[in-house]
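Asker: Sequence plus predicted model, see below.
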Amino acid sequence: MDQRDIKKTSPWFILLFPIAIPAMFVLDYFGYRIIALIILVALALFFVYYVYTVFTKFRSLWRGFISLAEAFCDPGSWSIRHYPYHHTLTGSALGCRFHYSLLGHDERALCQLFLECPVGKSLLLEAGEDPAQSAIGLPQAMRAVLQVPGFRSLRALPRKVPFFSRLLAGLAGSGGPGLVLRKQLDDPFSLPVLKRDLALLLEVAQALKDEPRQEKEGT
C-alpha cells in the first residue's frame, strides 16, 4: 500500500452500537427476529472491516518505518513502537539519539522529531508567529527551522518532562532534555526530509549550546 493512501481510521459506526444493540433486543422481543439478525450481521461485518482496516494501516506504517530505519539509523540502534494513533521510531544517526513519531496515520500526519541533547533554556515557537519577530535574540540557525515547509512548532526542553505531563502534551520519546520539532507532512517517510530536519536540529542545538549566558545583575 502506498503511504499516501493511508487514511485516518473512521470508527463512526461504533456510535451505532448503543442504538443498534437495544434495537435488536426490542425487535427480537416483538418477534422480528429476521430483522434483528440482519442488524447483527451488518454490525459484525462493519466491525470486521474496521479491524481489517486498522491492521492494514499498521502494517503499512510498519513497512514505512522499517525502510526509514534501515536507510538512516545506525545498525542495531533502532526500535519501533506502535500505539493507537501514535507510532514512534527510536534510533541513533549522525552521532545523536532521536525519536521520530507519527501522531495519527492520515495522509497529512502530524510528525514529531525529538532530538536528545543538552538545552540551556526553555523555548517555544509556533506556526503563525512572525518569523522575523520571533527570531529576535535567537541563534541564526533557528530561522532555517522556522522556514521548514509544514512547520508547526519548535520546543526546547531544558530538563526531563515527567511522564504524565509528557503524555498530556503528546511528547513521544525520552521526555527530554532536547529539541522537539513538529510538522505537517504529506510524506512522513521521506528520507531526505528526515535527514535535513535532524541536521537542522543539530545546528540549533549547537547554537544554543554556544550561546553566551546572561550574567545576573550585580555579578
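Answerer: Cool, got the structure.
Asker: tell me which element residue 35 is part of?
Answerer: Here residue 35 sits within helix 33-72, counting by DSSP states H and E.
Asker: mind checking which helix or strand of the protein has the lowest mean pLDDT?
Answerer: Sorting the helices and strands of the chain by mean pLDDT, DSSP states H and E puts helix 131-134 at the bottom, at a mean of 51.
Asker: pLDDT averaged over stretch 33-47 - what is it?
Answerer: Across stretch 33-47, pLDDT averages out at 81.
Asker: Go through it and flag the buried ones.
Answerer: Neighbour-count burial for stretch 33-47 flags 36, 39, 43, 46 (criterion: 16 or more other C-beta atoms under 10 Å). Placement of C-beta: from N, CA and C, glycine included.
Asker: Please state the offset of that stretch from the chain centre?
Answerer: Distance of stretch 33-47 from its chain centroid, counting by C-alpha atoms, centre = their mean, to the nearest Å, is 36 Å.
Asker: Kindly report the same for stretch 24-43.
Answerer: Centre-to-centre, stretch 24-43 and its host chain are 42 Å apart (C-alpha atoms, centre = their mean).
Asker: measure that stretch end to end?
Answerer: End-to-end distance of stretch 24-43 (C-alpha to C-alpha, to the nearest Å): 11 Å.
Asker: thinking again about what came up before, I'd like the distance from the helix holding residue 35 to the chain centre, please.
Answerer: Helix 33-72 sits 20 Å away from the centroid of its parent chain (C-alpha atoms, centre = their mean).
Asker: which residues in the protein form helices?
Answerer: Assigned helices in the chain, in chain order: 17-29, 33-72, 131-134, 141-146, 163-169, 191-210 (criterion: DSSP state H).
Asker: Include distance to residue 102 when you put these into CSV, please.
Answerer: Output for these, formatted as CSV (distance: least, C-beta to C-beta, whole Å):
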stretch, distance to residue 102
helix 17-29, 29
helix 33-72, 7
helix 131-134, 26
helix 141-146, 20
helix 163-169, 17
helix 191-210, 12
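Asker: Which of those has the lowest mean pLDDT?
Answerer: helix 131-134 (a mean of 51).
Asker: that older thread, list just the nearest of the buried residues of stretch 33-47 to residue 70.
Answerer: Comparing these against residue 70 with C-beta to C-beta places residue 46 closest, at 36.7 Å.
Asker: Tell me the spacing between the closest one and residue 40.
Answerer: According to C-beta to C-beta, to the nearest Å, residue 46 stands 11 Å off from residue 40.
Asker: do residue 204 as well
Answerer: As for residue 204, its distance to residue 40 is 57 Å (criterion: C-beta to C-beta).
Asker: Show me how the record splits this structure into domains.
Answerer: If you go by automatic domain parsing, the domain ranges for the chain are 12-72, 78-210.
Asker: tell me the most buried of those domains?
Answerer: Neighbour counts (mean count of other C-beta atoms under 10 Å) averaged over each of these peak at domain 78-210, with a mean of 17.
Asker: separation between residue 142 and residue 179?
Answerer: For residue 142 relative to residue 179 (C-beta to C-beta), the value is 10 Å.
Asker: so what sits against both of the two?
Answerer: When contacts are counted by C-beta atoms under 8 Å, 6 or more residues apart in numbering, the set common to residue 142 and residue 179 consists of 154, 204.
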